[in-house]
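Undergrad: With the sequence up front, the predicted model follows.
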Amino acid sequence: MFSFLNNKVPPPVVGLITLVLIWAISHFWPEPVFRHVLSPWIASLFAAIGLSMDLIAMGAFRKARTTVNPLSPQKAGRLVRSGYYRFTRNPMYLGLLMILIGFAIYCGHWAAIFPIAGFVFYITEFQIKPEEKAMTELFGDDYLSYKKTVRRWI
């Protein structure tokens, strides 16, 4: 129904929009919040893990000499199955999700779960599923075998 959105908005832009929504919720709807003395540390840990996942996963793509551009999955030259890709088919999106969770913990508002859930829904429906279709067309049985053994998210 909304297939016109498939692979149209770069995932970092979707992440930035989600970040702004989390900030807006915590700024304009300040109660109820959850805060703990360790919240900044936990938030930083999530964000650091997410950023490192993104950088390492992008490095694996560059090493394999395949496209990192999420808007053109049909240009992929190789199927990457090493590193984080042994555990998740989408470590870059998972890394972005970890950064968003970290920011939500930092902001400390329970309603931050809603934009995060929206991010997961949007990325799954309009980015990952179209990518999976393109990967199936490009790599056939090799990708289908990979799909059977490695989860979409975690």
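TA: Structure's in. What do you need?
Undergrad: can you point me to the longest helix in the protein?
TA: helix 39-63 (DSSP state H).
Undergrad: And it, what's buried?
TA: If you call a residue buried by 16 or more other CB atoms under 10 Å, then helix 39-63 has these buried ones: Ala43, Phe46, Ala47, Ile49, Gly50, Met53, Asp54, Ala57, Ala60, Phe61. From N, CA and C alone the C-beta is placed, and that goes for glycine too.
Undergrad: And for stretch 20-33?
TA: Judged by neighbour count (16+ other CB under 10 Å), stretch 20-33 contains these buried residues: Leu21, Ile22, Trp23, Ile25, Ser26.
Undergrad: ok, so of the buried residues of helix 39-63, who is nearest Arg81?
TA: Closest approach to Arg81 among these (CB to CB): Ala60, at 9.4 Å.
Undergrad: what residues are up against the closest one?
TA: Applying CB atoms under 8 Å, 6 or more residues apart in numbering, one finds that Ala60 lies in contact with Val80, Ser82, Gly83, Tyr84, Tyr85.
Undergrad: Distance of the closest residue to the second one other than its chain neighbours relative to Leu79?
TA: Beyond its immediate neighbours in the sequence, the residue positioned closest to Ser82 (CB to CB, 6 or more residues apart in numbering) is Ala60, lying 6.3 Å away. Counting by CB to CB, to the nearest Å, the gap from Ala60 to Leu79 is 11 Å.
Undergrad: Sweet, I'm off.
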